[in-house]
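Student: Provided below for reference: sequence and predicted model.
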Amino acid sequence: MAAHLGKTIEELKKLSAWEIGLWRARFRIDPVGEERADLRNAINCQTIAASMTGKRISIRQFMPDFTPLEEPDEDELIKKCEALARSWGINPYANNTNNQ
């Protein structure tokens with residue numbers, strides 16, 4: 001809020017509760033910031049995709065998802081990497097004599 005209003009935190013502390021309430025109400029009606037920018041970008045992407053495919057596409061497909069990913073199981077990750085290397089004809093431990 002401070003950055004959008006061009007004020008410091010100290011300056012915001014001097015605003016009355018009534019004025020802060022007005023600003024909060026305005027932001028609910030007309031949000032600003034990156035969340036709003038993400039929505040605008042998603043609308044543009046949805047419009048382009050719909051015009052190119054002729055299909056109705058959900059705007060959610062174009063909204064970023066910032067949900068943290070689960071930490072992968074290290075042993076499972078190693079097995080997948082080994083399998084991928086072997087599928088390419090590579091011995092994953094060719095240069096490491098400790099794991100042969």
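Tutor: Good, I have the coordinates. Numbering: from 1, shown residues only.
Student: Show me how the protein divides into domains.
Tutor: In terms of domains, the chain is parsed into 1-32, 38-94 (source: automatic domain parsing).
Student: Compile the ones you listed into CSV and extend it with columns for mean neighbour count and mean pLDDT.
Tutor: C-beta coordinates here come from the backbone N, C-alpha and C atoms, glycine included. What follows is these, written out as CSV (neighbours: other CB atoms under 10 Å; pLDDT from 0 to 100):
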stretch, mean neighbour count, mean pLDDT
domain 1-32, 11, 82
domain 38-94, 11, 88
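Student: distance of residue 71 from residue 82?
Tutor: For residue 71, the distance to residue 82 equals 19 Å [CB to CB, to the nearest Å].
Student: do residue 66 as well
Tutor: 31 Å.
Student: With residue 10 instead?
Tutor: For residue 10 relative to residue 82 (CB to CB), the value is 57 Å.
Student: Against residue 1, how distant is residue 74?
Tutor: Taken as CB to CB, the span from residue 74 to residue 1 is 42 Å.
Student: brain fart, residue 58
Tutor: 31 Å.
Student: Same check on residue 87?
Tutor: Distance from residue 87 to residue 1, by CB to CB: 53 Å.
Student: same question, residue 50
Tutor: 35 Å.
Student: Quick one: residues in contact with the host helix or strand of residue 83.
Tutor: Take DSSP states H and E as the rule and residue 83 turns out to sit in helix 74-87. By CB atoms under 8 Å, 6 or more residues apart in numbering, the residues outside helix 74-87 that reach it are 91-92.
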